[in-house]
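K.L.:
Kindly generate the corresponding structure for this input.
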Amino acid sequence: MAILCVLLLTLALFPYGLQGCERWTPEVEKVEQLMAKSLDDDPDPSVFVSLRLLNYTLEQKFVTILKKNVINNALDLTSGQLSLYVLALIASCENTMNVKLDNSGTDRGTNLGELLSKKLAQEIKSIEMYEYPVTNYYQVGLSFLALCKQSYPINKRDIKTFAQVVMRNRISYGPAFSVDTAAIAALAFRCMQQDYKPADIIRNAAIKLVMQILCAKGTRGIIGNTYSTGVAMQALIANQQLVPFQVWNCSNTLQEVLAEISAGSFMNPVMASQALPPTQGKTYLDVNSLSCNWAVGHLFTKVKTSPGAFISCIGGIVGSKKEQFLNATVPLPVGVAEYDSSNGETIIARLTKYSSKKSAINRELNYH
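P.N.:
Modelled structure (predicted):
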């Protein structure tokens with residue numbers, strides 16, 4: 001309690017803001033590639049969300065598989081599992097209120113918002129009756145977050161019930177404080193601060209969670225443990241208006257996470273999925289602010305170097321750093337790594353190979 005009081009006093013007296021919360025390393029890229037490769041078997045929505053947040057180029061087929069999986073299994077998924085599918089599809093610019101495999105038809109698709117809302121209602125009913133949800137508070141937090149990110153109506157009473165759980169320190173199972181659960185809840189309350197009521201209850205719950213997360217920080221910067229630090233970073237980045245930089249030095253925590261990545265602690269793609277986005281300053285709250293021109297029919301392989309990124313492979317064709325990228329017939333004004341495409345544009349990769357007779361052989365690959 002004394003520590004919380006000191007932190008609350010610090011919140012009132014010191015300026016806010018985070019510094020040094022973004023750094024790319026070759027080790028991060030290796031884990032990105034490991035995560036991308038794992039999608040080939042059966043795409044995990046949490047891994048997919050992470051790669052989208054990292055702006056990693058992916059194939060459209062993964063979205064089709066995710067939609068097929070959630071349509072076929074939505075009723076059997078837990079609230080948390082369904083929430084991750086919702087976040088993945090939001091990150092893909094899909095309409096989560098009308099998910100269907102064939103977008104050309106007029107039939108209504110599956111409304112994931114409605115289904116998730118019903119599952120959350122069951123969680124809240126269980127909390128009110130037994131003081132514990134059907135699943136756990138981590139999944140409850142994910143449900144609030146996913147509903148909020150798709151702007152689905154959330155019952156004020158449900159928000160109050162969840163906030164009361166936070167204020168009464170019942171969000172963790174058992175005596176040990178769960179950093180992961182608190183972080184997801186903090187992300188949810190931060191999201192709900194924008195458009196949901198009651199605003200004062202939401203803000204108070206967010207402040208309490210941020211303070212508890214900061215109290216779980218070790219001297220080296222790890223928050224909770226190695227594997228909870230990533231999502232804790234997301235929560236603090238998202239709630240940075242509540243985090244004085246004198247209390248939390250983001251760069252120290254980032255350095256520790258990058259060291260753990262280099263040491264091979266995140267070779268499990270699912271475990272890595274929460275840790276990598278904050279190394280690039282991203283959180284789950286960014287899922288609906290990503291570019292919708294992200295998928296390709298032929299997979300780009302992007303390599304980052306000190307001068308900048310370049311495309312090393314397109315559809316299995318190894319690049320030579322001499323490819324020309326065009327918007328229709330006009331060359332891109334900047335490098336392909338820096339170009340931000342707009343909806344409806346057709347990007348052409350012109351691959352030129354010269355024969356021994358110095359005659360050019362051109363091959364063009366189109367991307368929409």
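K.L.:
from here on, contacts and neighbour counts on C-alpha atoms
P.N.:
Fine.
K.L.:
Which stretches in the chain count as helices?
P.N.:
For the chain, the helices defined by DSSP state H occupy 2-13, 26-38, 45-53, 61-73, 79-91, 112-130, 137-149, 156-167, 179-192, 199-215, 229-238, 250-262, 269-279.
K.L.:
Comparing those, which yields the minimum mean pLDDT?
P.N.:
When these are ranked by mean pLDDT, helix 2-13 comes last with a mean of 49.
K.L.:
pretty sure T135 contacts Q81?
P.N.:
No: between T135 and Q81 there is no contact under C-alpha atoms under 8 Å: 10.7 Å.
K.L.:
Between those two, which has more neighbouring residues?
P.N.:
When neighbours are counted by other C-alpha atoms under 10 Å, Q81 comes out ahead of the other of T135 and Q81, with 18 against 14.
K.L.:
list the contacts for the closest residue to that one other than its chain neighbours?
P.N.:
Leaving aside its chain neighbours, Q81 sits nearest to Q139 (7.8 Å; criterion: C-alpha to C-alpha, 6 or more residues apart in numbering). With contacts defined as C-alpha atoms under 8 Å, 6 or more residues apart in numbering, Q139 is in contact with 79-81.
K.L.:
Let me have those residues in CSV, adding distance to L34 as columns.
P.N.:
CSV is the format used below for the contacts of Q139 (distance: C-alpha to C-alpha, whole Å):
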residue, distance to L34
S79, 27
G80, 24
Q81, 22
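K.L.:
Tell me the one of the residues you listed nearest W248?
P.N.:
Set against W248, the nearest of the contacts of Q139 by C-alpha to C-alpha is G80 (29.1 Å).
K.L.:
Isn't the closest one up against A146?
P.N.:
No: the pair G80 / A146 is not scored as a contact, 9.1 Å apart, by C-alpha under 8 Å.
K.L.:
neighbour count winner among the two?
P.N.:
Each of G80 and A146 has its neighbours counted (other C-alpha under 10 Å); A146 has more, 31 against 23.
K.L.:
how near is the more buried one to N204?
P.N.:
Plainly put, A146 is 21 Å away from N204 if you go by C-alpha to C-alpha, to the nearest Å.
K.L.:
do V179 as well
P.N.:
According to C-alpha to C-alpha, V179 stands 18 Å off from N204.
K.L.:
Neighbour count: the two, which is higher?
P.N.:
Between V179 and N204, counted using other C-alpha under 10 Å, V179 has the larger neighbour count: 26 against 15.
K.L.:
which residues touch the more buried one?
P.N.:
Contacts of V179 by C-alpha under 8 Å, 6+ apart are 213, 216, 223-224, 228, 232.
K.L.:
Most neighbours among those, please name it.
P.N.:
Most neighbours among the contacts of V179, by other C-alpha under 10 Å: A232, with 31 neighbours.
K.L.:
ok, now which ones touch the closest residue to it other than its chain neighbours?
P.N.:
Nearest non-adjacent residue to A232, counting by C-alpha to C-alpha, 6+ apart: A183, 5.1 Å away. Residues near A183 by C-alpha under 8 Å, 6+ apart: 209-210, 213, 231-232, 234-235.
K.L.:
so which of these comes closest to N73?
P.N.:
V231 (26.6 Å).
K.L.:
What about that closest one, how many residues nearby?
P.N.:
Around V231 there are 26 residues (other C-alpha under 10 Å).
K.L.:
excluding its backbone neighbours, what's nearest it?
P.N.:
Q274 (5.5 Å).
K.L.:
OK, contacts around that neighbour?
P.N.:
Applying C-alpha under 8 Å, 6+ apart, the residues near Q274 are 46, 50, 230-231.
K.L.:
Tell me which two of these sit farthest apart.
P.N.:
S46 and G230 (13.3 Å).
K.L.:
more crowded one of those two?
P.N.:
More neighbours surround G230 than the other of S46 and G230, with 27 against 20 (other C-alpha under 10 Å).
K.L.:
ok, and the closest non-adjacent residue to the more buried one?
P.N.:
Using C-alpha to C-alpha, 6+ apart, the nearest residue to G230 is A275, at 3.9 Å.
K.L.:
Surely that neighbour touches T226?
P.N.:
No: applying C-alpha under 8 Å as the test, A275 and T226 come out as separate, 9.2 Å apart.
K.L.:
anything in contact with each of the two?
P.N.:
V257.
K.L.:
neighbour count winner among the two?
P.N.:
Counting neighbours by other C-alpha under 10 Å for A275 and for T226 shows that A275 has the greater number, 27 against 16.
K.L.:
In contact with the more buried one, which residues are there?
P.N.:
227, 229-231, 257.
K.L.:
ok, it to I127 distance?
P.N.:
In terms of C-alpha to C-alpha, A275 sits 30 Å off from I127.
K.L.:
count of neighbours near the closest residue to Y227 other than its chain neighbours?
P.N.:
Spatial nearest neighbour of Y227, chain neighbours left out: M271 (6.9 Å); criterion: C-alpha to C-alpha, 6+ apart. Using other C-alpha under 10 Å, M271 has 17 other residues around it.
K.L.:
Assess the claim that M271 and T229 are in contact.
P.N.:
No: counting by C-alpha under 8 Å, M271 sits too far from T229 to count as a contact (10.9 Å).
K.L.:
hmm, back to that, of the contacts of V179, closest to A263?
P.N.:
Of all these, A263 sits closest to S228, with 16.5 Å by C-alpha to C-alpha.
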